[in-house]
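# Any chance you can model this:
(chains A, B, C and D)
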There are 2 protein chains.
Amino acid sequence: MKLKPADIARESLADRVRQVLIDRIFDGSYPPNTRLIEMQIARELNISQTPVREALRALEAARLVETQPYRGTRVRRISDSERREACQVRAVLEELAARLGAARLREHLRELRVEADAALAAARQNDVVRYLHHNVRFHGMIVEAADNAVLRRTWESLGFSVGARVRAARTTGDMIAVAKEHRQIIDALARGDGKAAARLLRRHVEVIVGSASEAEPRTSNHARRWAGEPGEGDAIVRSAVR
Amino acid sequence: MKLKPADIARESLADRVRQVLIDRIFDGSYPPNTRLIEMQIARELNISQTPVREALRALEAARLVETQPYRGTRVRRISDSERREACQVRAVLEELAARLGAARLREHLRELRVEADAALAAARQNDVVRYLHHNVRFHGMIVEAADNAVLRRTWESLGFSVGARVRAARTTGDMIAVAKEHRQIIDALARGDGKAAARLLRRHVEVIVGSASEAEPRTSNHARRWAGEPGEGDAIVRSAVR
DNA sequence: TTGTAATCGATTATCGATAACCGATTGTCG
DNA sequence: CGACAATCGGTTATCGATAATCGATTACAA
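As a prediction, this is how the structure comes out:
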């Protein structure tokens, strides 16, 4: 069995473009609301419009950008209220993960502690990026332990809404306090109390954004939605059961 | 202000193709594992490859199909274990929804009862399609009431995995029993006990698939995943926080 | 026989060009 | 002056054609 020159599969052009665009969105080269013009990007990367368009569509599915027909694509801005919403969802997902994965996690307490300690250390140095890195790993390990692929994907799909709070500057104190909660969660797991761990974890995640910026009036849109007929949302699969 | 001939926005070609493909997948014209060939579909619909390809990519994002580079796209088969996983996730999402929306739901008890009754009636007639229709509406109203867009989208993203259990023929007895639980949930809401409603709802959803087919050995994949480095999953946004 | 290399038809991925469309601007007329 | 129509540059949506890759088949050799 012989492998091709590049050993493992080269990525498609569209995939590479997608990664480039994601990087630029996250590192701030493309701030929120930036218009992304297919041909401009294509010219810059010396490729045709097609793979760029495909990449943009993928980003749209991931909700990093928003497209309006014939009006182009812009980088989506994550509002504080959306961050709060996402954290509420993430909280119950991780609660479920802890419940499902509690038994398995008892055999990985060491790894959990490593990440928790690293996150705390980073917090003390006010190194937000490193803190987030280890924080994500800590939470990711728990989600992974649940051994539920749907849960994992769902959790990851919130990554942007939640993770983009890089900019939501957190105070060092907050970070440290939150980081310390990891210990309690690990302790609960260590003594086999999955229920408690799950509850602690939910609280832990719920609070993350709630504590931060509490401004922004938050206008409800429930009334409007209720008025319109049900399947009105933007679900791709709207004809599911009819 | 004058409107264009077709009044409201015509859909793009790609959108229409997408809807056609979704319909065909759901009505069984394209059973699981069917290979979807871009040019074939394009020729059939008298359009070019491009919008078909775009539609397929959208379906991939919705996880209705699976694509391998240079190897084409196939309709995805939903396993029973995946259905179970999705129900676990859906359960905690709806639990959250009931908690968040409990207050608001008290003003919509009538609508809830309408759907619950209709679902029960359909169950008694063993009319699965109609049962599912009202069932989805009932649960959808609750999710809607939470007034959390992220939650709603996340819930909808499970729609396929969960809703596709149309084929997972449920016995009449099951349907009736489950349909009756709706009443208890409504009652809890009526007396203002959101906590109880949320708990009942979670149980209600958790059980849905668990009761059905209990076969299939369920091989864990946690060990393998744990071994590999973290960002190994298929998250689109893998460089989120790095 | 069996394993490997060359070939071929089918399909996906990408390209370059064109049609459809948007938004702003300009021009026209009341 | 103000509403509206025509026009224009720029962008998206779609097209038809080509390059790259796959899977199977055949050809060949140990």
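
# Going by C-alpha atoms from here, please, whenever you check contacts or count neighbours.
Will do.

# Can you report phi and psi for the closest residue to DNA strand C within chain A?
DNA strand C sits closest to residue A:13 of chain A, with a gap of 3.2 Å, by C-alpha to the nearest atom of the strand. Phi and psi for residue A:13, reported as degrees, to the nearest 10, are phi -60, psi -50.

# OK, contacts around the residue nearest to it when sequence neighbours are not counted?
Spatial nearest neighbour of residue A:13, chain neighbours left out: residue A:51 (6.2 Å); criterion: C-alpha to C-alpha, 6 or more residues apart in numbering or on different chains. Shown in contact with residue A:51 (C-alpha atoms under 8 Å, 6 or more residues apart in numbering or on different chains): A:13-14, A:17.

# Which of those residues has the largest number of neighbours?
When neighbours are counted by other C-alpha atoms under 10 Å in any protein chain shown, residue A:17 leads those with 22 neighbours.

# For the residue nearest to residue A:13, give me the pLDDT.
Per-residue pLDDT puts residue A:51 at 98.

# which element is it on?
helix A:49-61 (DSSP states H and E).

# ok, back up a step: reformat the contacts of residue A:51 as a markdown table; add distance to residue A:100.
Shown next, in a markdown table, are these (distance: C-alpha to C-alpha, whole Å):
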| residue | distance to residue A:100 |
| --- | --- |
| A:13 | 39 |
| A:14 | 37 |
| A:17 | 37 |
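
# ok, which stretches of chain A are helices?
A:13-26, A:38-45, A:49-61, A:80-105, A:109-124, A:128-145, A:149-157, A:159-163, A:172-190, A:194-211, A:222-227 (DSSP state H).

# who's in contact with residue A:203?
With C-alpha under 8 Å, 6+ apart, residue A:203 has these contacts: residue A:91.

# now it: how far from residue A:193?
16 Å (C-alpha to C-alpha, to the nearest Å).

# Spatially nearest residue to residue A:25 (excluding sequence neighbours)?
With C-alpha to C-alpha, 6+ apart as the criterion, residue A:25 has its nearest non-adjacent residue at 6.4 Å, and that residue is residue A:31.

# What about residue A:83, how many residues nearby?
23.

# quick one: pLDDT of it?
Looking at residue A:83, the pLDDT reads 89.

# Roughly how far does it sit from residue A:91?
12 Å.

# same check, this time on residue A:174
The spacing between residue A:174 and residue A:91, counted by C-alpha to C-alpha, is 18 Å.

# what does residue A:187 give?
19 Å.

# For the two, indicate the residue with more neighbours.
Counted by other C-alpha under 10 Å, residue A:187 and residue A:91 do not tie: residue A:91 has more neighbours, with 25 against 17.

# Show the contacting residues for that one.
So residue A:91 contacts A:201-206 (C-alpha under 8 Å, 6+ apart).

# What confidence value was assigned to residue A:93?
97.

# before we move on, back to that, the helix holding residue A:51 to helix A:13-26, inter-axis angle?
Orientation check (axes from the mean of the first three to the mean of the last three C-alpha atoms, to 10 degrees): helix A:49-61 against helix A:13-26 gives 50 degrees.

# Please see if helix A:49-61 touches DNA strand C.
Yes: Helix A:49-61 reaches DNA strand C (C-alpha under 7 Å from any atom of the strand) through A:49-51.

# So which bits of that helix are buried?
A:51-61 (16 or more other C-alpha atoms under 10 Å in any protein chain shown).
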